[in-house]
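[1] the sequence and its predicted three-dimensional model are supplied below.
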Amino acid sequence: MTKSILFLGGTGVISAASVSRAIELGHDVTVLNRGESRVRPLPDAVRRLTADLRDPASVREAVGDAEFDVVAEFLAFTPEHVQADVDLFEGRVGQYVFISSASAYQTPPSRLPVTESTPLRNPFWQYSRDKIACEDLLVGAYRDRGFPATIVRPSHTYDRTLLPTSGGWTDIARMRVGKPVIVHGDGTSLWTITHTRDFAVGFAGLLGNPYAVGDTFHITGDHAPTWNQIYGWLGEAAGVEPVLAHVSSETIAAAHPELGPGLIGDKAHSMVFDNSKVKALVPEFATTVPFWEGAAEMIAWHDAHPESQVVDAELDAAFDRLVG
């Protein structure tokens, strides 16, 4: 059945592929954002609304009195953002789908694989704690008033534009000139990494599904290589054999504090997930793009877009000091 779906966001790393998948499934899709993205253009079939999601009045004006079967929120990061959505859409939406984060899970996890019942606690990263607070608000709204919330927790999801390493393009540039690249820990921790096209299959399959209302799902795929493998496949795609320098996450964070929360609060720990819950509702969801293929996509895209090849001089210098 065709569903009317409003995406809040829709041109980001995760959301763009989900918009395309919803169109493929025959849904009536509307995207509301600032209309500024040129990297991931929207499909022609999408209806476009322009507003600033941080300005509830502009969103209310853009939406008008429209009702939707599904509202999918990709750009809410604090309880205030979510509360604005609840105030606007309560009583006029069949399902509200909130993008949370798998970084909200207990960090480090006490056992693997992580399931949806794994406790939520991340003392290292404010971003994750804010996502937990958003979830708490929605769970309360569902319990108290039946607000039709579904919570989705992606883990590390990428497309061809988003390099997964701490240094981004700076790491690739270092590889290509023979400089060591910094890998946190000993590089053997397992890291679940999911292509956005695979995520989109699971996500779109939950939209308008009555069994998903009031429930929580992570959508992460089953591909969990080591960080040594991730850096190695990127090097192979870049045409070099990278020189890996292993440094503790704590030392990296001390040398470049901006990297600390994302490392110590997320990437430093092995994260492997049990996806049986989402697969029970969306049996077609599977990992179809392993990272060695994703890495080739990334390097090819960056090589074709010189403007994306930005080396962070400050970070590059910090890496030099770490290996010096």
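    Noted; the coordinates are in hand.
[2] in contact with the closest residue to Val282 other than its chain neighbours, which residues?
    The shortest distance from Val282 to any non-neighbouring residue, by C-beta to C-beta, 6 or more residues apart in numbering, is to Gly205 (3.1 Å). For every residue, glycine as well, the C-beta is placed using N, CA and C. Contacts here follow C-beta atoms under 8 Å, 6 or more residues apart in numbering; on that basis Gly205 touches 278, 281-282, 284-285.
[3] which one of those sits closest to Ser155?
    When the contacts of Gly205 are compared for distance to Ser155 (C-beta to C-beta), Val278 comes out closest, at 12.2 Å.
[4] list the residues that contact the closest one.
    Neighbouring residues of Val278 by C-beta under 8 Å, 6+ apart: 202, 205-206, 217-219, 285.
[5] also Gly235?
    Applying C-beta under 8 Å, 6+ apart, we find Gly235 in contact with 175, 241-242.
[6] any chance of those residues in JSON lines, with neighbour count and distance to Gly235 too?
    Listed next are the contacts of Gly235 as JSON lines, based on neighbours: other C-beta atoms under 10 Å; distance: C-beta to C-beta, whole Å:
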{"residue": "Met175", "neighbour count": "24", "distance to Gly235": "5"}
{"residue": "Glu241", "neighbour count": "11", "distance to Gly235": "6"}
{"residue": "Pro242", "neighbour count": "23", "distance to Gly235": "4"}
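[7] residues in contact with the lowest-mean-pLDDT helix or strand in the chain?
    Lowest by mean pLDDT, DSSP states H and E among the helices and strands of the chain is helix 260-262, with a mean of 90. Helix 260-262 is contacted from outside by 124-127, 166, 252-254, using C-beta under 8 Å, 6+ apart.
[8] and which of those residues is nearest Val139?
    Of all the contacts of helix 260-262, Tyr127 has the smallest distance to Val139: 19.1 Å, by C-beta to C-beta.
[9] run a quick neighbour tally on that closest one.
    17 (other C-beta atoms under 10 Å).
[10] so which strand or helix has it?
    Take DSSP states H and E as the rule and Tyr127 turns out to sit in helix 126-145.
[11] I'd like the C-alpha coordinates of that helix written as CSV, please.
    Written as CSV, here are the backbone C-alpha positions of helix 126-145 (Å, rounded to 0.1, in the frame of the first residue of the first chain):
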residue,chain,number,x,y,z
GLN,A,126,27.2,14.1,25.0
TYR,A,127,25.7,13.4,21.5
SER,A,128,24.8,9.9,22.7
ARG,A,129,23.3,11.1,26.0
ASP,A,130,21.2,13.6,24.1
LYS,A,131,19.9,10.9,21.8
ILE,A,132,19.0,8.8,25.0
ALA,A,133,17.1,11.8,26.3
CYS,A,134,15.2,12.1,23.0
GLU,A,135,14.2,8.4,23.3
ASP,A,136,13.1,8.8,26.9
LEU,A,137,10.7,11.6,25.7
LEU,A,138,9.2,9.5,23.0
VAL,A,139,8.8,6.4,25.2
GLY,A,140,7.0,8.6,27.7
ALA,A,141,4.7,10.1,25.0
TYR,A,142,3.9,6.6,23.7
ARG,A,143,3.2,5.2,27.2
ASP,A,144,1.2,8.2,28.4
ARG,A,145,-0.8,9.1,25.3
